[in-house]
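>>> based on what follows, work out the 3D shape:
(2 chains)
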There are 2 protein chains.
Amino acid sequence: MSLLVMKYGGSSVGDAKRIKRVARRIADRRQEGHQCVVVVSAMGDTTDDLIELSKEIAEATPSAREMDMLLSTGEQVSVALLSMALHALGEQAVSLTGWQAGIRTEANHGKARIIDIQADRIMNALNQGRIVIIAGFQGVTENGEITTLGRGGSDTTAVALAAAIRADLCEIYTDVDGVYSTDPRIVKQARKLKEISYDEMLEMAHLGAAVLHPRAVECAKQNKVKLVVRSSFTNHEGTQVKEETDMEQGIVVRGIAFDKPIAHVSLLDMPTNPSRLAAVFNSLANDDIDVDLIVQGGIRNGKADLSFTVSLADLEKAKSVLYHIQADVGFKNLETHSDLVKVSIVGAGNVSSPGLAATMFHTIAETGVSIYTVSTSEIKISCVIEGRRLHEVIRSLHTVFGLDEHEYVFVTDVSNE
Amino acid sequence: MSLLVMKYGGSSVGDAKRIKRVARRIADRRQEGHQCVVVVSAMGDTTDDLIELSKEIAEATPSAREMDMLLSTGEQVSVALLSMALHALGEQAVSLTGWQAGIRTEANHGKARIIDIQADRIMNALNQGRIVIIAGFQGVTENGEITTLGRGGSDTTAVALAAAIRADLCEIYTDVDGVYSTDPRIVKQARKLKEISYDEMLEMAHLGAAVLHPRAVECAKQNKVKLVVRSSFTNHEGTQVKEETDMEQGIVVRGIAFDKPIAHVSLLDMPTNPSRLAAVFNSLANDDIDVDLIVQGGIRNGKADLSFTVSLADLEKAKSVLYHIQADVGFKNLETHSDLVKVSIVGAGNVSSPGLAATMFHTIAETGVSIYTVSTSEIKISCVIEGRRLHEVIRSLHTVFGLDEHEYVFVTDVSNE
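Next comes the predicted model:
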């Protein structure tokens, strides 16, 4: 008998039929003898509908506190219905809101972080033999204010709960059946990974693999919560995310990740005064523009070229901010390139070794695509490249780094599906 | 400056436009300098929609506890949106759920009664100059379970809050503009009453005047909460409900009330043994059949006729229950009359005096309608009559008891509308 935390997202509980199917799956787990805590998101489009309603009421951005009051009803509806569906199957179940489950958060409405979980009520219900259904994405401050956790909130609720109650496993049910070596829509030979380490998952998540929110991965890593990502709709084995993978040795590249379209911005001939550098990034931050991959070229006569990337969606805003401060900051010209993309190879096994980087650059060059910027970390190498041949680049990298090969140890389960 | 509790029902906040209109009205009251606590129901059909959803999930009656989890979201949505609408008007407002407002109830899910209200949080918000918007119809048990109050719950929340915070006035906003001397759809000359006593209102409410739930009137009477019933849509003066009306003297009949169709049931020649009487009413109660106007006729040879009324909707169920116990209870025949109705005259000024009763019987007889049963209390006389000429009877009584007359002191404000 294990103590399991399961998380079902909004599309898994999108209507009455799906809720009943999820209930059936949970009941099966219970019948296997496990103790079950289930975290649920709001049904399908509920959150969007509530946001729409708030826009009809007030044109200005509504109070974050009232928005949390409004949106937290979505998960409360799901948990009540899921609990009813379990009762209909003859199971003992009880639903809890965030505050009832003891999920204490900061008062930062709309993006609160979990401070701690006072799990007595959950443990009592489990000890009475009940399946405990908990509203994800929400908590309560010490002053009794309802909060929501923002992006990735339900995943994070599940992981934090698993840590608080020392669950044996946290199962994240989603609409894909695991973590893949790259996007299977682009690379047919993409493989579902049997295992991935927290750090690798974190990079994959940050780099656009939307299957699990980086915040939840971070929380799992910190608390050593063993995670499985698997499908809400099939019984396929999913991908385990854990501290160290069993076959770390010998595997270098775990997957190929890529991100949304980005733009490359260069400030040419800028005086290399640290306060001027700070002025550039403060101005961008003030306008909520996220900056990535900052590179400063060689200094000539006290000046250098400064370049960085922003998301393509932010480019026009960034240009307007930068022209506004050009006189103060003193760069000569502003150059931008749009239609770029960041492609990365991710792997815990010393992926950033010079040999691998060389292989990556060479492979990209062979497709005739230019590389704008390179950045590396312990477990990844990212290249900003032209977006026009992205799929070709990803396929080549997937092949070159051995991810296509059938004998690859961590993908042997794929052949059964 | 007064401390006001205002209650808006579901139809008053049925959509974004109506919520904004209600916000405007509340803001006006605030601008007049009053401190405002507002109780709101769920938007229009929300509760019905949620019940429908629960039926899709489970055919059997769902757990009352989970039903409360589900339904309580309806008011939480309304209060958040109304608070946003007030912010958009530049007002300071804060919404509270039942548990946040300290509304403590019994654990009787679906029809919990309020035990007490710990109003610190409400008072703090008022003292900070805020309009406090509270979810009606819901509360929390001492174990942190969400409850709903059942029928009349939002009215009762408003009255109980007014008592707890010692409000100067509790305003019930509804889709009619006050309490009328009888149903204006039937009697054109029906007048809006300027004032009515708690007891009169209670009888009117019990007898079918749907404007205010008897439970809320009872709560107001017990706690001496001054109530006003008025329209959500107009600025017309409403009807005051209070301990004693100013012009009690001289007024005898305040209004004519009538109820849903009922049926008259007679058990003929039944042994007048108390345990048999008890068996009859226990059996009916076990099947949730409410019984009204019980009359036992004269005893002949240890037997008598027992008759009572039930709602027409319950008649078939009642017959089946009674036939089932006929052998045990020992009555000879069962006689029933359907298509009946109860019409009542209500007034605190000794309305049950024999002269008034005689006038009432005479007036009904003149329309050619039979009277089946009569019952009286301190402030009402009720007659069960044939339903076929109900409107004619009501109009005659309205005229005979002087309710049509224009010089009638408590209706002088009607002419301005």
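>>> and the residue of the stretch 101-250 of chain A found nearest chain B, what pLDDT?
Minimum separation of the stretch 101-250 of chain A from chain B (CB to the nearest CB) falls at residue A:144, amounting to 5.7 Å. C-beta here means a position set from N, CA and C on the backbone, and glycine is covered the same way. Note on residue A:144: pLDDT of 97.
>>> got it, and residue A:24?
96.
>>> I'd say it and residue A:90 touch.
No: using CB atoms under 8 Å, residue A:24 makes no contact with residue A:90, being 11.6 Å away.
>>> so those two - more neighbours on which side?
residue A:24 (12 against 7; other CB atoms under 10 Å in any protein chain shown).
>>> residues touching the more buried one, list them.
When contacts are counted by CB atoms under 8 Å, 6 or more residues apart in numbering or on different chains, residue A:24 is found next to residue A:89.
>>> can you check residue A:382 too?
A:207, A:293, A:342, A:343, A:344, A:374, A:375, A:376.
>>> just checking, which of those residues belong to strands?
A:293, A:342, A:343, A:344, A:374, A:375, A:376 (DSSP state E).
>>> output these as a markdown table; include the columns pLDDT.
Converted to a markdown table, these look like this (pLDDT from 0 to 100):
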| residue | pLDDT |
| --- | --- |
| A:293 | 79 |
| A:342 | 89 |
| A:343 | 90 |
| A:344 | 89 |
| A:374 | 82 |
| A:375 | 80 |
| A:376 | 78 |
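>>> need the buried ones from those selected in ChimeraX.
Buried residues within these, by 16 or more other CB atoms under 10 Å in any protein chain shown, are selected in ChimeraX with:
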select /A:293,342,343,344,375,376
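>>> quick one: the residue of the stretch 101-250 of chain A closest to chain B from residue B:381, how far?
51 Å (CB to CB, to the nearest Å).
>>> can you tell me the residue of the stretch 251-400 of chain A closest to chain B?
For the stretch 251-400 of chain A, CB to the nearest CB, closest residue to chain B: residue A:288, 22.5 Å.
>>> thought residue A:329 was touching residue A:281?
No: using CB under 8 Å, residue A:329 is not in contact with residue A:281, being 10.7 Å away.
>>> looking at those two, which one has more neighbours?
Each of residue A:329 and residue A:281 has its neighbours counted (other CB under 10 Å); residue A:329 has more, 20 against 14.
>>> tell me the confidence at the closest residue to that one other than its chain neighbours?
Closest residue to residue A:329 apart from its sequence neighbours, by CB to CB, 6 or more residues apart in numbering or on different chains: residue A:276 at 5.0 Å. Listed pLDDT for residue A:276 reads 85.
>>> residue A:276 should be in a strand, yeah?
No: with DSSP: H, G, I helix; E, B strand; the rest coil as the criterion, residue A:276 is located in helix rather than a strand.
>>> longest helix in chain A, please.
helix A:64-88 (DSSP state H).
>>> what's the first helix or strand after that helix?
Per DSSP states H and E, the first helix or strand lying C-terminal to helix A:64-88 is strand A:93-96.
>>> so is that next one next to chain B?
Yes: counting by CB under 8 Å from any CB of the partner chain, chain B has neighbours in strand A:93-96: A:94, A:95.
>>> packing partners for the helix or strand that comes right after that strand?
Where DSSP H and E defines the elements, the next helix or strand beyond strand A:93-96 is strand A:103-105. Where contact means 3 or more CB pairs under 8 Å, 6 or more residues apart in numbering or on different chains; DSSP states H and E, strand A:103-105 is packed against strand A:114-117, strand A:138-140, helix A:153-164.
>>> which residues of chain A lie near chain B?
So chain A meets chain B at A:16, A:19-20, A:50, A:53-54, A:56-60, A:62-63, A:65-67, A:69-70, A:72-73, A:76-77, A:79-81, A:83-85, A:87-88, A:94-95, A:97, A:99-100, A:121, A:144, A:146 (CB under 8 Å from any CB).
>>> hang on, the earlier thing: so between residue A:144 and residue B:381, which is more surrounded?
residue B:381 (22 against 13).
>>> and the more buried one, what are its bridge partners?
residue B:345, residue B:376 (DSSP bridges).
>>> distance of it from residue B:358?
When distance is defined by CB to CB, residue B:381 is 10 Å away from residue B:358.
>>> overlap in contacts, these two.
Contacts common to residue B:381 and residue B:358, judged by CB under 8 Å, 6+ apart, are absent.
>>> tell me the pLDDT of residue A:207.
pLDDT, residue A:207: 64.
>>> what of residue A:10?
Residue A:10 is given a pLDDT of 91.
>>> now residue A:260
So, for residue A:260, pLDDT stands at 78.
>>> one step back: so which helix or strand takes in the residue of the stretch 101-250 of chain A closest to chain B?
Using DSSP H and E, no helix or strand contains residue A:144.
>>> relative to residue A:141, how far out is the residue nearest to it when sequence neighbours are not counted?
Distances taken as CB to CB, 6+ apart put residue B:100 closest to residue A:144, at 5.7 Å, once the chain neighbours are dropped. Residue B:100 sits 11 Å away from residue A:141, going by CB to CB.
>>> between these two, which has more neighbouring residues?
For residue B:100 versus residue A:141, neighbours defined as other CB under 10 Å are more numerous around residue B:100 (23 against 18).
>>> that one touches residue A:143, doesn't it?
No: taking contacts as CB under 8 Å, residue B:100 lies outside contact range of residue A:143: 9.7 Å.
>>> which residues in the stretch 151-300 of chain A form helices?
Along the stretch 151-300 of chain A, counting by DSSP state H, counting those that start in this stretch, helices occupy A:153-164, A:198-206, A:214-223, A:274-286.
>>> re the thing from before, how about a markdown table for the helices and strands packed on strand A:103-105, with mean pLDDT and mean neighbour count added?
A markdown table is the format used below for those (pLDDT from 0 to 100; neighbours: other CB atoms under 10 Å in any protein chain shown):
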| stretch | mean pLDDT | mean neighbour count |
| --- | --- | --- |
| strand A:114-117 | 94 | 17 |
| strand A:138-140 | 97 | 27 |
| helix A:153-164 | 95 | 27 |
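>>> mind checking which of the ones you listed is nearest residue B:220?
Proximity to residue B:220 (CB to CB) singles out strand A:138-140 among the helices and strands packed on strand A:103-105, at 33.0 Å.
>>> next one: that closest one to chain centre, how far?
20 Å (CA atoms, centre = their mean, to the nearest Å).
>>> tell me the helix or strand right after that strand.
That would be, after strand A:138-140 and using DSSP H and E, strand A:146-148.
>>> partner strands of that next one, parallel or antiparallel?
strand A:138-140 (antiparallel).
>>> quick one: contacts of the partner strand?
A:68, A:72, A:75, A:97-99, A:103-105, A:112, A:114, A:146-149, A:153, A:157.
>>> hey, where'd the strands end up in the stretch 201-350 of chain A?
Under the criterion DSSP state E, counting those that start in this stretch, the stretch 201-350 of chain A contains strands at A:227-231, A:239-242, A:255-258, A:262-271, A:291-296, A:303-311, A:333-346.
>>> report the angle between the axes of the first one and helix A:214-223?
Using axes from the mean of the first three to the mean of the last three CA atoms, to 10 degrees, one finds that strand A:227-231 and helix A:214-223 are set 140 degrees apart in direction.
>>> now strand A:227-231 and helix A:198-206, what's the angle there?
40 degrees.
>>> note down every partner strand of strand A:227-231 and its orientation.
In the sheet, strand A:227-231 lines up with strand A:169-174 (parallel), strand A:239-242 (antiparallel) (DSSP bridges).
>>> turn the ones you listed into CSV, columns for mean neighbour count.
Shown next, in CSV, are those (neighbours: other CB atoms under 10 Å in any protein chain shown):
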stretch, mean neighbour count
strand A:169-174, 23
strand A:239-242, 24
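>>> worst average pLDDT in these?
strand A:239-242 (a mean of 90).
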